[in-house]
Each structure stands twice: as structure tokens, then as C-alpha cells.
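[1] sequence first, predicted model second:
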Amino acid sequence: MPHLRTLTVLSSILILSLAGASCRNSPPAESGAQPAEGVAAEPTSLRLTDEAVRTGGIAVEPARVVETDRRIAGVGDLEFNARRLAHLTARTSGRVESIAAFRGDRVVEGQVLAEIYSQGYLAQQAELIQAAERAARLRDTSDAQAVRAFLDAARAKLLPLGMTDAEIDTLISAKSVRPFLAVRAPFDGRIIEQAAVVGDGVEPGASLFRLADLSTLWACIRIYEKDLAAVRPGVEAVFRTQAYPGEDFRGRLVLIGAVMDEKTRTVEGRAEVANPTERLKPGMYVEASIPAGDKRRALVIPESALQDFQSRPVVFVRTGPGAYELRLIETGDRSEGRVEIVRGLAEGDEVVTSGSFLLKSEMLKKAMGDEDEHD
């Protein structure tokens, strides 16, 4: 059973690496410990020829201690920016005559999304035209003030239907009613819900569309009680998603909630995250890293050096010319392409930043060869 044998070998390598890592619990500033006794004979290290190193594109970079901001971690979800979210409803009774935008469409401010035929709308336009004509005829009489008030009232009835003052002036000049009431987008955005179709009868308040501007989103983060004293609004937080592993998104923390969740002992923090290309989607799970205000020293390596091995973070360390060792590590904060190493490495350890695939393959072949010798 080759597949089972491979899994057994991989598990053996990981267990041996765990044993070696247990000897490296000292702070990063101290020198790294050697693998545990008995591990050297097992396939946790290997050697490559100079030609293999060159053709494999293997590059290394030393682990460094740097001064960095202390950060706290939080998790949460992306939501619509409620300030840029609109529910468009029918403003008068009538029938949906046409639909010009559909769920998923991008629209611009002022764009006509639908048209409604409404007898009430036609009657109000006719009333306005008549009031305007009467006001023009009687403007130099004692009734001028009264008819002007009537005209103003007729204008006021059309404004809540979505007509602008400029459109009303055009209507008076043209002396011709518009057959349909236009439903327009109040801002640039995307249609996220379409509730009506052509021919639907509607009453005032009937749902037509939901429109969202996705160029900014809210990241609603759960901040633990123990971290509240270190968090301040206005700081720039870094966010990561499962959809785009290794990529940082940034947003400004604008609000820390006033109520604590008694079950989770967390308070909601809200950050506004720029999303001009709409790659981020409402509902995505995010992990947040928030500055805590003070500085500290940390051992860091390039994030490209990290590898996943049996669902554990590992790196390959160059221990000599052509010699490499698998190390199990514990990671901390991540920022700007670098990751903090809490345990498993020491300052100056040379970690492989590219070419790890070759090392994995060679180590697996070595492990399989050792097993065959014992069969």
C-alpha cells in the first residue's frame, strides 16, 4: 500500500521534527539548539549537490531580530458599508413598465433602473402644469399670491416621487406630462437584489432594488476583553482572507463598540476597508492584526519561507554547504511580507525562501529509501 506507506513516512518526519523543536524553546536571541538525540539518523535533514542547489533555484535569507509594533489579533467578517447601502422602493402605486438593471449589474448615480406607469403620477403632473399656467395668467392680479401657493404645493407633491427641481421646471416649460416615473440609482454601486419584474403591480413602499457601493466595506472584528485597553480608533489594521492567502488588506479602525458580548467576552470593532476592485466580498471571514501602540523586538523571516507540512508550519534551514534541515516552528504576527517566529529558530538561521519544493521532494525520496532498506 504505497499511499499508506507515504503517509506513515511523512508522519514520522513530523514527529521527529517536533522532538527537535522541543529543544528550541529558548528566546530567539539565544543560539539555536541541535536536534534531539537520536534524530540525526532519521530523514529530517539532507544534502544536495551544488548543481541541484543551482538548478532548484534554492535561495536563503537569515532570520533577523527587528523592532516592530506590538499587535493584537482579532477575527470577524466583512459587511456592506451601511452608509452606502440603499433599499429602493416604489414611491407611488402603479405597474412596473420596464426594468433596465438586474441583480449583479454595476450602475452609476442617476441611471434609470426601472420605469413605473402610474395614473396618480400622471394626474400630479397635469395638476402642476395647470397650476403653472394659472399662476402665469394671474401673476399681476390680487390672486397672484394664492395661485403661487397652489403652484408651490403642486411642485412639492412631485419631489417625494423622485423628480428634481430641474425636471419639474422642464415639465412646466414643455407643458407635456411624462408617461412613466423613473426609478434612479442614488449613487454608483452594484445591484445586489432585484425584487420586481416587468408587469408587477406595486404600492408605495413595495421593494424594487437593493443597491450597494462595494468600493468600501466594513470589517466587523471581535476584539477580546483583555485587549481593549491597547486598542484605539484611528489606527490602521491589516486584514487577511482565506480567498487571498498571503495578501494584506488595510483599513482604518473607526469605531469600538459600546457593548460587550457576555458569551464571547468580545467587543465589536469596525474598520473601513477600501475595495476599489471589489475583490473583497461581504460575508468573507477575515483575520485582523491591530497595532497596540508600543514597540517590541521580534525574530522575523520572509513569509515566503513558510511551508505547510502535515498541517503544521515548518521551514527548511541551511545548516552548511548543501545541507538542509526541516524545522517545526511556531509563528506570531504577520505584516508586510514578514512573519514573526515565536519558537523553532534563532537569529541568523538561514531559512530557504525559494526552492522548498525540491527539498520536500528530496526528503520524501530519502525517507522512502530508508524505509525500503528496513523492509
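    Alright, I've got the coordinates. Numbering: from 1, shown residues only.
[2] ok, now which ones touch R210?
    L85, A86, H87, L88, I191, I192, E193, A195 (C-beta atoms under 8 Å, 6 or more residues apart in numbering). Where you see a C-beta, it was placed from the backbone N, CA and C, and this is true even at glycine.
[3] show me the strands in the stretch 51-200 of the chain, by range?
    Secondary structure of the stretch 51-200 of the chain (DSSP state E, counting those that start in this stretch): strands at 59-62, 64-80, 85-89, 94-99, 106-107, 112-117, 181-184, 189-194.
[4] between these, which gets the lowest average pLDDT?
    Looking over those, mean pLDDT reaches its minimum on strand 64-80, with a mean of 88.
[5] give the buried residues for that strand.
    T68, D69, R71, I72, G74, G76, L78, F80 (16 or more other C-beta atoms under 10 Å).
[6] Serialize those to JSON lines and add fields for distance to R296.
    Output for these, formatted as JSON lines (distance: C-beta to C-beta, whole Å):
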{"residue": "T68", "distance to R296": "6"}
{"residue": "D69", "distance to R296": "8"}
{"residue": "R71", "distance to R296": "9"}
{"residue": "I72", "distance to R296": "12"}
{"residue": "G74", "distance to R296": "18"}
{"residue": "G76", "distance to R296": "24"}
{"residue": "L78", "distance to R296": "29"}
{"residue": "F80", "distance to R296": "36"}
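[7] closest to F180 out of these?
    F80 (29.8 Å; C-beta to C-beta).
[8] avg pLDDT for stretch 169-177?
    92.
[9] now the stretch 251-375 of the chain, which segments are flagged as low pLDDT?
    367, 369-375 (pLDDT under 70).
[10] all strands of it, in order?
    Using DSSP E, counting those that start in this stretch, strands in the stretch 251-375 of the chain cover 266-274, 285-302, 307-309, 312-320, 323-328, 330-335, 338-343, 350-354.
[11] deepest of these, which one?
    strand 323-328 (a mean of 23; mean count of other C-beta atoms under 10 Å).
[12] how far does it sit from its chain's centre?
    35 Å (C-alpha atoms, centre = their mean, to the nearest Å).
[13] what separation do you get for D105 and G251?
    With distances taken as C-beta to C-beta, to the nearest Å, D105 is found 27 Å from G251.
[14] ok, now V198?
    40 Å.
[15] list the contacts of G332.
    A298, V339, E340, I341, V342.
[16] returning to what we had before: who's more crowded, D105 and G251?
    Per other C-beta atoms under 10 Å, whichever of D105 and G251 has more neighbours is G251, with 24 against 17.
[17] spatially nearest residue to that one (excluding sequence neighbours)?
    In this structure, G251 finds its nearest non-sequential neighbour in V273, 3.5 Å apart by C-beta to C-beta, 6 or more residues apart in numbering.
[18] near K281, how many other residues are there?
    If you count neighbours by other C-beta under 10 Å, K281 ends up with 12.
[19] now it: how far from V65?
    Look at K281 and V65: by C-beta to C-beta, they are 38 Å apart.
[20] try Y224
    Taking C-beta to C-beta, one finds Y224 at 27 Å from V65.
[21] which stretches of the stretch 101-250 of the chain form helices?
    Along the stretch 101-250 of the chain, counting by DSSP state H, counting those that start in this stretch, helices occupy 119-137, 144-158, 165-174.
[22] turn these into TSV, including mean neighbour count and distance to K366.
    Shown next, in TSV, are these (neighbours: other C-beta atoms under 10 Å; distance: least, C-beta to C-beta, whole Å):
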stretch	mean neighbour count	distance to K366
helix 119-137	17	81
helix 144-158	15	82
helix 165-174	13	79
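[23] count of residues packed around the closest residue to N81 other than its chain neighbours?
    Once flanking residues are discounted, N81 sits nearest to T216: 4.9 Å by C-beta to C-beta, 6+ apart. Number of residues near T216 (other C-beta under 10 Å) recorded here: 16.
[24] thought T216 was touching R270?
    No. Counting by C-beta atoms under 8 Å, T216 sits too far from R270 to count as a contact (11.7 Å).
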